[in-house]
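Q: Turn this into a structure:
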Amino acid sequence: MSLLELCQWIQDTQIGTGIRESIYVFPIIEGTHVLGLALSIGTVMWLDLRLLGIAMRRQSVSEVFGQLKPWMRIGFAVMFTTGGLLFWANAARCYPSTYFRIKIVLLLLSGVNVLVYHRTIDRRRSEWENGPIPLQARLAGLLSLILWTGVIAAGRIMAYTL
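A: Numbers count the residues shown, from 1 in each chain. As a prediction, this is how the structure comes out:
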């Protein structure tokens with residue numbers, strides 16, 4: 001079975017068809033996805049702006065992260081779940097989309113950026129958080145802003161070109 005055939009099978013399941021053909025379910029899922037996106041990526045961007053020294057300079061990175069972490073997690077759970085359901089409803093239509101593929105690559109790169117940040121520089125946060133923010137942390141914040149902006153742009157363009 002090819003990847004396209006798998007996507008067609010996913011899309012043609014009863015759940016995929018039900019989501020896609022419902023006049024209420026699909027728009028509710030899509031709207032919830034956008035709200036989850038705003039919550040998760042919005043809070044991530046605040047942390048990125050703190051790492052860059054642009055926002056919330058009077059608070060430590062730990063304080064900012066501690067306040068935002070629960071909201072990030074909730075937003076990511078909502079965004080991941082609803083994104084999966086949207087894909088389920090249109091898997092075969094998403095498969096050939098260049099914007100879908102760009103979005104997936106940018107999502108993966110965003111995940112790698114988070115993983116590298118938390119496994120390296122963030123482990124030493126207590127050493128630098130009361131002083132200047134290291135270049136690596138600032139670069140991780142900047143890269144995060146760029147990647148998530150790309151994810152959002154690719155996702156919105158994809159939605160209008162399917």
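Q: Which parts of the protein are strands?
A: Here the chain has no strands by DSSP state E.
Q: So what touches the helix or strand of the chain with the lowest mean pLDDT?
A: Ranked by mean pLDDT, DSSP states H and E, the weakest helix or strand in the chain is helix 125-128, scoring a mean of 89. When contacts are defined by CB atoms under 8 Å, 6 or more residues apart in numbering, helix 125-128 is touched by residues 61-62, 134, 137. Using the backbone N, CA and C atoms, a C-beta is placed for each residue, glycine as well.
Q: What segments of the chain are helices?
A: 3-12, 14-21, 25-51, 61-94, 98-119, 125-128, 135-161 (DSSP state H).
Q: JSON lines for those, including mean neighbour count?
A: Below are those laid out as JSON lines (neighbours: other CB atoms under 10 Å):
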{"stretch": "helix 3-12", "mean neighbour count": "14"}
{"stretch": "helix 14-21", "mean neighbour count": "14"}
{"stretch": "helix 25-51", "mean neighbour count": "18"}
{"stretch": "helix 61-94", "mean neighbour count": "17"}
{"stretch": "helix 98-119", "mean neighbour count": "15"}
{"stretch": "helix 125-128", "mean neighbour count": "13"}
{"stretch": "helix 135-161", "mean neighbour count": "17"}
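Q: rank those by pLDDT, which is bottom?
A: The weakest mean pLDDT among the helices of the chain belongs to helix 125-128, with a mean of 89.
Q: can I get the CA coordinates of that helix in CSV?
A: Only the C-alpha atoms of helix 125-128 are listed here, as CSV (Å, rounded to 0.1, in the frame of the first residue of the first chain):
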residue,chain,number,x,y,z
ARG,A,125,19.3,28.1,32.7
SER,A,126,20.1,28.7,36.4
GLU,A,127,23.7,29.7,35.3
TRP,A,128,22.5,32.4,32.9
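Q: distance between it and the chain's centre?
A: Computed by CA atoms, centre = their mean, to the nearest Å, the chain-centroid distance of helix 125-128 equals 26 Å.
Q: One more: stretch 6-15?
A: With CA atoms, centre = their mean, you get 24 Å for stretch 6-15.
Q: With stretch 121-139 instead?
A: Using CA atoms, centre = their mean, the offset of stretch 121-139 from its chain centre is 23 Å.
Q: try stretch 145-157
A: Relative to the centre of its chain, stretch 145-157 is centred 9 Å away, using CA atoms, centre = their mean.
Q: Perfect, I'm done here.
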